[in-house]
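Engineer: Next one to model:
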Amino acid sequence: MRYHHIGIPTVRPLPKEDYIAAHKLYASGYSQSPYGIEWMKFDPDCPLPELVRKVPHVGFIVDDLEEAIAGREILIAPNCPVDGITVAFIVDNGAPVEFLQFDRPEAEVWPQGAKFK
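Structural biologist: Numbers count the residues shown, from 1 in each chain. Okay, here's the model as predicted:
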């Protein structure tokens, strides 16, 4: 397991937002941040749990998503928000934690990211 990003909820519009229609949220900042800071702005009818919409989360890359979530309190079941990646959220000590499993190199999933040059 290794650090990938921190996701921080926001209500303000930010530059270079990408819309993730399946989750009704805008994400920005990750590809430009050398520290993996991702801002997340949610539509009013976003279906994600309140804990994800209100509390910052930390994301970790894992080799085996099912193993990473085994025996944990599942907040969001495994799903594929974009082709090439499967994610899931657990709750740890009251905070959301995201696990990401890539099925190909991350630079192929998000090739525009400055951190991949």
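
Engineer: When you work out contacts or count neighbours from here on, use the C-alpha atoms and nothing else.
Structural biologist: Fine.

Engineer: per-residue confidence at the residue nearest to Phe102 when sequence neighbours are not counted?
Structural biologist: Leaving aside its sequence neighbours, Phe102 sits nearest to Ile85 (CA to CA, 6 or more residues apart in numbering; 4.5 Å). With respect to pLDDT, Ile85 has a value of 92.

Engineer: Correct me if wrong: Ile85 contacts Ala107.
Structural biologist: No. Ile85 is beyond contact range of Ala107, at 11.6 Å (criterion: CA atoms under 8 Å).

Engineer: Show me the shaky parts of the chain.
Structural biologist: For the chain, the stretches with pLDDT under 70 are 111-117.

Engineer: Sketch out the helices for it, chain order is fine.
Structural biologist: Along the chain, the stretches classed as helices by DSSP state H are 50-54, 65-69, 106-109.

Engineer: Out of those helices, which gets nearest to Leu75?
Structural biologist: helix 50-54 (8.6 Å; CA to CA).

Engineer: okay, how far is it across stretch 54-74, tip to tip?
Structural biologist: 17 Å (CA to CA, to the nearest Å).

Engineer: could you check the distance from the residue nearest to Phe102 over to Lys54?
Structural biologist: Counting by CA to CA, the gap from Ile85 to Lys54 is 24 Å.

Engineer: hang on, the earlier thing: could I get the helices of the chain in CSV, plus columns for distance to Leu75 and mean neighbour count?
Structural biologist: What follows is those, written out as CSV (distance: least, CA to CA, whole Å; neighbours: other CA atoms under 10 Å):
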stretch, distance to Leu75, mean neighbour count
helix 50-54, 9, 16
helix 65-69, 10, 15
helix 106-109, 24, 14
